[in-house]
Structure formats: C-alpha cells, structure tokens
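Trainee: For reference, the sequence and a predicted model appear below.
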Amino acid sequence: MKKLLLPTSIVGSLPKPAWLAPPEKLWSPWKLEGDQLVEGKQDALRISLQEQQLADLDIICDGEQTRQHFVTTFIEHLSGVDFENRKTVKIRNRYDASVPVVVGEVARQKAVFVEDAKFLRKQTNKPIKWALPGPLTMVDTLYDDHYKSREKLAWEFAKALNEEARELQDAGVDIIQFDEPAFNVFFDEVNDWGMAALERAIEGLHSQTAVHICYGYGIQANTDWKKTLGSEWRQYEEIFPKIQKSKIDVVSLECHNSNVPLDLMELVRGKKVMVGAIDVATNTIETPEEVAATLRKALEFVDAENLYPSTNCGMAPLSRNIARGKLSALSAGAEIIRKELGI
C-alpha cells in the first residue's frame, strides 16, 4: 500500500439510503429482497464510496452497506447458530438485546464478505479497509448454549475470522480491521485470552491489521454509560500494554469529545493509531479546526507517520447529511495539520 501521511478514514459504518433500510437505527431491516436486495446493496456501496471520495478520504471502506449489523451479519453465515429462537442478553454489560443462540459447533462454511470486498476493490484505486467483528465482541453479542465457555467459543470464532480475513486479503483488502468494543469492558478476559484469540484471527496475514476499541455507537445506552465513567476514562490503560506486545499494526480509539486522557497513547507508542477526531454521538458537525485541535493533541503522543485521522465509531445511526458534513470536516482538519507539518 502506498505510503500516505495522515491518511484519513472512517471506522466503519455510514448511514444507509432510506430505500434500502429504515434510517438512523441499528439492526435496521432490509426493505428489499432477493436479487433486488443484492443490487440495492451494491448501489448503496457505490454511494458510500462516492461520498468518501467526494470528502477526499484517503482510505476507503464499504460503509457497512451490505450488512445489517457489524457483528451479527457475520455470525449469520456460520453454522451452529440459531437465529430463529433468540434469547435476550445484556450486551457489553449495558443494554438488553435479542440475540442468536449457539446450538452446535460453529464453523465458516463459505465466504461472507469476500464478494462485496471484490466489488469495492474494482470501484477504486485507493487503499481499502474492511471491518470484521472481533472474537470477544462476537461472544458478547449472542447466547452460548453449546460450548458453555466464552473462551472456547472465542477461539472457534477466531478460526472462522482468520479464514475470512485471508480471503479478504486475497481479494485486495489493504487493511483488515477487527471491531472489539468489548475490550473496553471485559479487561480480565482481554488479558487472559481475548488478545490471544484476536492474534489467532490475524494469523498469517500480510495486509495491515487493526483493532477498533471505542465507547460505542451514539445510542442512548452508550451515552448513559459514559456518564458513569467519571472525569477520566482510563479503560484503555487496562488493555493497551497487551496490545502493544501484539502483532496488531493499527489501534483505533475514541478521542474527540471524550474523557480519554490522550497520554494513554504512549502505551502503544510505535503502533499506528487511528485517532477518533469525529464524535459520532452528536449531530453537531465538527469544524475543521476542531478536528485539527484533536489531531494536534494526539501528535504529542503519536509520531506523525503513525497518525491516522478517523472517527470515534461508526455513523450508521446518524442522518446522511450529518455524516457527509462530518466526513468533510475530518478531511479538512487533517489537511490543516498536514500544512502545519509541511507535508
């Protein structure tokens, strides 16, 4: 992948067009079926691509236009999971959700996103990034009635993820990102086996690998939780030492409008860092200077060649107009810093 300075990208999701799925909500059901749904997803992916390109982003993703949810869509394609007889569990120790149930051995029997990735690859010459759920977050987004062990299930998921990641790599994906918001909650599991399971998922990859760890989408359950975390959010302190020793190339974290002490980035010094300079929990569009201010602070702890300006999390719950404005602000803010650095 060609070396870019302060390469901009989004974490993952963008709002879907209203003709594809009801807007501004998670787990939004498809409005189309069959061949029309396949075509509609591709059309939405084209729109997502165009909006990223119009905003002059440097690394392109699919905007998660072909999936209902960042975790469950992957799980849907695995054997051993029952989506009909769901159970209610508390996700991330924060909010109840109706989730599928593991009823047997889980295995990846066919590719999940590979054809979508090939389609995106044909549409752009820019570097592309693809997001997959991480093993621990997958475990935390369903009910296990078979393994009866979060660790055992995570290792099975890691195997399936690795199979998918290798095929995404072969399809031309430059960065493969694993979304692990559960890392910010279950510290003991991260350090006991969660990080090891993630390393199993990236085994044998030569594409860049990233782990995204944030404080969640801009939904009420997450904003309420944040209010309980106090004046300093030091969750990253519990897991960054383990990540620093790992083979993961890029760490994606939440910064703008958060109470995360930015000096915690010192704990992953030498890693590439996707710095969240866009708050996805507000409809207020950042100014380019606000984005630049976050990036300036981050540069105290991250070398310029390792700084990747990004968003705090996905933007699926936002309106399309708000998301477009935030994309443009991200790009313009990064350009301010490039000029200041003379690059």
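Mentor: Nice, I can see it.

Trainee: separation between R166 and I213?
Mentor: Distance of R166 to I213, given as C-beta to C-beta, to the nearest Å: 23 Å. No exception for glycine: its C-beta is placed from N, CA and C like everyone else's.

Trainee: Would you point out the helix or strand in this protein whose mean pLDDT is lowest?
Mentor: Here the helix or strand of the chain ranked lowest by mean pLDDT, DSSP states H and E is helix 220-226, holding a mean of 77.

Trainee: residues touching V190, list them.
Mentor: L136, F183, E238, I239, K242 (C-beta atoms under 8 Å, 6 or more residues apart in numbering).

Trainee: Dump those residues into TSV; add distance to V89 and secondary structure as well.
Mentor: Shown next, in TSV, are these (distance: C-beta to C-beta, whole Å; DSSP: H, G, I helix; E, B strand; the rest coil):
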residue	distance to V89	secondary structure
L136	14	helix
F183	18	helix
E238	23	helix
I239	22	helix
K242	25	helix
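
Trainee: between these, which is nearest S9?
Mentor: Each of the contacts of V190 was checked against S9 using C-beta to C-beta; the closest is F183, at 19.8 Å.

Trainee: Now the closest one: closest residue in space, sequence neighbours ignored.
Mentor: Using C-beta to C-beta, 6 or more residues apart in numbering and skipping the chain neighbours, the partner closest in space to F183 is I213 (4.6 Å).

Trainee: Quick check: phi and psi on the one you found?
Mentor: In terms of degrees, to the nearest 10, the main-chain angles of I213 are phi -130, psi 110.

Trainee: So among the contacts of V190, which ones count as buried?
Mentor: Neighbour counting with 16 or more other C-beta atoms under 10 Å marks L136, F183, I239, K242 as buried within the contacts of V190.

Trainee: Run through the residues that contact the residue nearest to the last one when sequence neighbours are not counted.
Mentor: Counting by C-beta to C-beta, 6+ apart, K242 lies nearest to M195, which is 4.6 Å off, once chain neighbours are set aside. M195 sits next to I239, K242, I243, S246 when contact means C-beta under 8 Å, 6+ apart.

Trainee: just to revisit the earlier point, which members of the contacts of V190 define the maximum pairwise distance?
Mentor: L136 and E238 (13.5 Å).

Trainee: before we move on, back to that, am I right that the residue nearest to K242 sits in a helix?
Mentor: Yes - according to DSSP: H, G, I helix; E, B strand; the rest coil, M195 belongs to a helix.

Trainee: ok, so what distance separates it from F187?
Mentor: 11 Å.

Trainee: Now do the shared contacts for those two.
Mentor: I239.

Trainee: how about the helices in the stretch 51-200 of the chain?
Mentor: Under the criterion DSSP state H, counting those that start in this stretch, the stretch 51-200 of the chain carries helices at the ranges 72-76, 114-123, 135-139, 150-170, 187-189, 195-201.

Trainee: Pull out the buried residues from the fourth one.
Mentor: Buried residues in helix 150-170, counted by 16+ other C-beta under 10 Å: 150-151, 153-169.

Trainee: and what of the fifth one?
Mentor: Applying a neighbour-count criterion of 16+ other C-beta under 10 Å, the buried positions in helix 187-189 are E189.

Trainee: And E115, how close does it get to K159?
Mentor: 21 Å.
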